[in-house]
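S.K.: Got a predicted model here, sequence first, then my questions.
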Amino acid sequence: MKQSMRTRLVVLTALMIILCIAICWIMNLFLLPGFYENSKKNQMNEVYSEVAAQFEQNDWKSISEKEKETMYDSLDKISANNSVSIYIMSINVDTESGMVSNVDYLYPSMGNRTQELNTRQLAKYVMFKQLGNVFDENYKLLEQTDQYELFNVFDQRIDSNYIELVGGIKGDYWVYLRSNYQSIRESAAISNEFLSYVGIVVTILCVIIMIFLSNHYTKPILELTKIAQKMEELNFDVRYKENRHDEIAVLGHSMNSLSDKLEQTISELKTANNELELDLQRRSEQERMRQEFLANVSHELKTPIALIQGYAEGLQDNVNEDPESRNFYCEVIVDEANKMNKMVKKLLTLNQLEFGNGQVHLEHFDLQQVIQSVLSSSEILFRQKEVTLLYAPQEPVYVWADEYMIEEVVLNYVSNALNHVDGNKIIEVKIANQNGKARVSVFNTGQPIPEEDIQKIWSKFYKVDKARPREYGGNGIGLSIVKAIMEAHNQQYGVRNYDNGVEFWFELDEKAEN
């Protein structure tokens, strides 16, 4: 069963109070009588010493009446302050008859019945002292010195206990001190009963007080518990904010520090885990690309290698002995070897771009001149395919880019247009200025690209028409190179379909001529 610290603290406090009261109760019952008796003995000793001192300082027989009055006042004060009856007298006892004779009362001076009774009591002591008689069972000797004797006396006449002291003082006088010695056991019983009532009240009050005081300590502990629960749920925004200067404050600040360190550690672990996942994804993607690359390269190389092998074997076996046939075989072998060489060069270029090995060297050059150079080198192809080229040379257009890579982009766009031009066989190249950008577009008439293939054409080895590339030696790498180059330049590129053809475009930052 779960018990709160508050409940245990209150119960423990109540038990401690009850235990203290019980100890006091037992000590009252067993130790108080002895302590009380010892206290009374010390009191009687002190009173005797004070009375004896009065007579040491004055000679009763020679002092004046005024000085006697002063002594009486002092003795009255001693008696009243100590609740002790004091009797001083000179007394003679006839040892044969046991009768009292020649009593001279010094204090108190007035005779009364009590004085007579005390005189008789004193006479007993004197007689016992002189005759050496043994006291009866009502007398219990507590202490005996050269000056006095101290007794615990049970007075049968009044059924009560007294403590009495009898001793001699200067001038052959006797001092008789008497103090009521009530039943200490009865007093202890009354005291214990009172202590029990007080204990109940005190316990109830202390429990009530502890309920409120314990809240002062348990409340911050409960708050720390809630903070720990939030931390368990990985919520590290909670903080202990109470301004205290005790152990709870130290614990609270330690939990705040722990929360910060846990948050930092978990953040680092998440970062490391995320990087690991990305690394695994990259590795998985690279493995997929590697397998795809090998499959595509194998597919692309299979046909030209087969053709080269077949025609080479034909030459070796002298299938056709005439020079014309042999020349044809050789031309096919050379043509297929050139296609393979071009494909390998493109793959190397693409590989460098994709893996960051191809560094972009920004230059300030005339874009119009680069386009003019590419179109001039392809002029023979335009004539062979009877293509109408629409391009109007204009003023220089200076841009910032890698001139060699941009020339590769223009060449791929123009080659792609030549390979797919159809219908009216028109290819149009334009340069437009838009918001500080130079946009180059290459349009060719022919069939539009199917919408489902628009995003795929930038992938390596992807061909919209699987049958046609063989006609012109295409292998689906050119547009992949365009994509890699433009992304390396962090510039836009794309394709757009028209009813009568397709337009490919790219943009570069345009700068004014220096």
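M.R.: Noted; the coordinates are in hand. Just so it is clear, the structure is predicted and the values come from calculations on it, not from any experiment.

S.K.: List the contacts of residue 406.
M.R.: 367, 370, 399, 485, 508 (C-beta atoms under 8 Å, 6 or more residues apart in numbering). Bear in mind the C-beta positions are built from the backbone N, C-alpha and C, glycine included.

S.K.: Which element, helix or strand, includes the closest residue to the last one other than its chain neighbours?
M.R.: It stands for residue 508. Spatial nearest neighbour of residue 508, chain neighbours left out: residue 399 (4.1 Å); criterion: C-beta to C-beta, 6 or more residues apart in numbering. Secondary structure from DSSP states H and E places residue 399 in strand 398-401.

S.K.: Send me that strand as PDB with only the CA atoms.
M.R.: Only the C-alpha atoms of strand 398-401 are listed here, as PDB (Å, rounded to 0.1, in the frame of the first residue of the first chain):
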ATOM      1  CA  TYR A 398      27.200  37.900 -70.800                       C
ATOM      2  CA  VAL A 399      26.500  35.400 -68.100                       C
ATOM      3  CA  TRP A 400      28.400  33.900 -65.100                       C
ATOM      4  CA  ALA A 401      28.800  30.100 -65.400                       C
END
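
S.K.: Sheet-wise, list the partners of that strand with their directions.
M.R.: Paired neighbours of strand 398-401 in the sheet (DSSP bridges): strand 363-366 (antiparallel), strand 501-510 (antiparallel).

S.K.: Can I get these in TSV including mean neighbour count and mean pLDDT?
M.R.: Conversion of these to TSV gives the following (neighbours: other C-beta atoms under 10 Å; pLDDT from 0 to 100):
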stretch	mean neighbour count	mean pLDDT
strand 363-366	14	90
strand 501-510	20	92
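
S.K.: Among the contacts of residue 406, find the lowest-pLDDT one for me.
M.R.: Among the contacts of residue 406, residue 485 carries the lowest pLDDT, at 86.

S.K.: Now do the same contact list for that one.
M.R.: Residue 485 touches 353, 402, 405, 406, 408, 409, counting by C-beta under 8 Å, 6+ apart.

S.K.: quick one: which two of those residues are the most distant?
M.R.: The two members of these with the most space between them (C-beta to C-beta) are 353 and 406, at 13.0 Å.

S.K.: about what we covered before: identify, from the contacts of residue 406, the entry nearest to residue 443.
M.R.: Nearest member of the contacts of residue 406 to residue 443, counting by C-beta to C-beta, is residue 367, at 17.4 Å.

S.K.: how near is that closest one to residue 503?
M.R.: 18 Å (C-beta to C-beta, to the nearest Å).

S.K.: repeat for residue 387
M.R.: Distance from residue 387 to residue 503, counting by C-beta to C-beta: 16 Å.

S.K.: Shouldn't residue 142 be within a helix?
M.R.: No. Using DSSP: H, G, I helix; E, B strand; the rest coil, the assignment for residue 142 is strand, not a helix.

S.K.: Just list the residues touching it, thanks.
M.R.: Contacts of residue 142 (C-beta under 8 Å, 6+ apart): 37, 41, 150, 151, 152, 163.

S.K.: how many other residues sit next to the first one?
M.R.: Think residue 37. 15 (other C-beta atoms under 10 Å).

S.K.: And for the third one?
M.R.: As a burial measure, residue 150 scores 21 neighbours (other C-beta under 10 Å).

S.K.: Excluding covalently adjacent residues, which one is nearest to residue 74?
M.R.: residue 54 (6.1 Å).

S.K.: by contact count, what packs against the host helix or strand of that neighbour?
M.R.: Using DSSP H and E, residue 54 maps to helix 32-57. Helices and strands touching helix 32-57, by 3 or more C-beta pairs under 8 Å, 6 or more residues apart in numbering; DSSP states H and E, are helix 65-82, strand 85-93, strand 139-144, strand 148-155, strand 160-169, strand 173-180, helix 184-232.

S.K.: Now do the buried residues in it.
M.R.: Residues 32, 36, 40-41, 43-45, 47-48, 50-52, 54-55 are the ones in helix 32-57 that count as buried (16 or more other C-beta atoms under 10 Å).

S.K.: looking at this, residue 431 is in a strand?
M.R.: Yes. Residue 431 forms part of a strand when assessed by three-state DSSP.

S.K.: burial count for residue 206?
M.R.: By other C-beta under 10 Å, the residues close to residue 206 number 16.

S.K.: Provide the secondary structure category for the residue nearest to it when sequence neighbours are not counted.
M.R.: Nearest non-adjacent residue to residue 206, counting by C-beta to C-beta, 6+ apart: residue 17, 5.5 Å away. Classification of residue 17 using three-state DSSP returns helix.

S.K.: got any ranges where the stretch 101-250 of the chain has weak pLDDT?
M.R.: Residue ranges of the stretch 101-250 of the chain with pLDDT under 70: 101-103, 109-137, 171, 182-189, 217, 236, 240, 242, 244-246.

S.K.: so where do the helices sit in the stretch 401-514 of the chain?
M.R.: Along the stretch 401-514 of the chain, counting by DSSP state H, counting those that start in this stretch, helices occupy 403-420, 469-472, 478-488.

S.K.: want to throw these into TSV with distance to residue 447?
M.R.: Formatted as TSV, these follow (distance: least, C-beta to C-beta, whole Å):
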stretch	distance to residue 447
helix 403-420	8
helix 469-472	15
helix 478-488	16
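
S.K.: Can you flag the weakest of the ones you listed by average pLDDT?
M.R.: Lowest mean pLDDT of the helices of the stretch 401-514 of the chain: helix 469-472, a mean of 48.

S.K.: Surely the residue nearest to residue 508 touches residue 367?
M.R.: Yes. Distance between residue 399 and residue 367: 4.8 Å, which falls inside the contact criterion (C-beta atoms under 8 Å).

S.K.: more neighbours, those two?
M.R.: Neighbours of residue 399 and residue 367, each counted by other C-beta under 10 Å, are more numerous for residue 399; the result is 24 against 21.

S.K.: rewinding a little: to be precise, which single item in the buried residues of helix 32-57 has the lowest pLDDT?
M.R.: pLDDT across these is lowest for residue 32, at 73.

S.K.: Check whether that one really touches residue 190, as I assumed.
M.R.: No. In this structure, residue 32 is not within contact of residue 190 by C-beta under 8 Å, at 11.2 Å.

S.K.: returning to that earlier point: how about the helices of the stretch 401-514 of the chain, which one is nearest residue 66?
M.R.: Taking the helices of the stretch 401-514 of the chain one by one with C-beta to C-beta, helix 478-488 is closest: 131.1 Å.

S.K.: buried set for the closest one?
M.R.: Within helix 478-488, the residues that count as buried by 16+ other C-beta under 10 Å are 478, 479, 480, 481, 482, 483, 484, 485, 486, 488.
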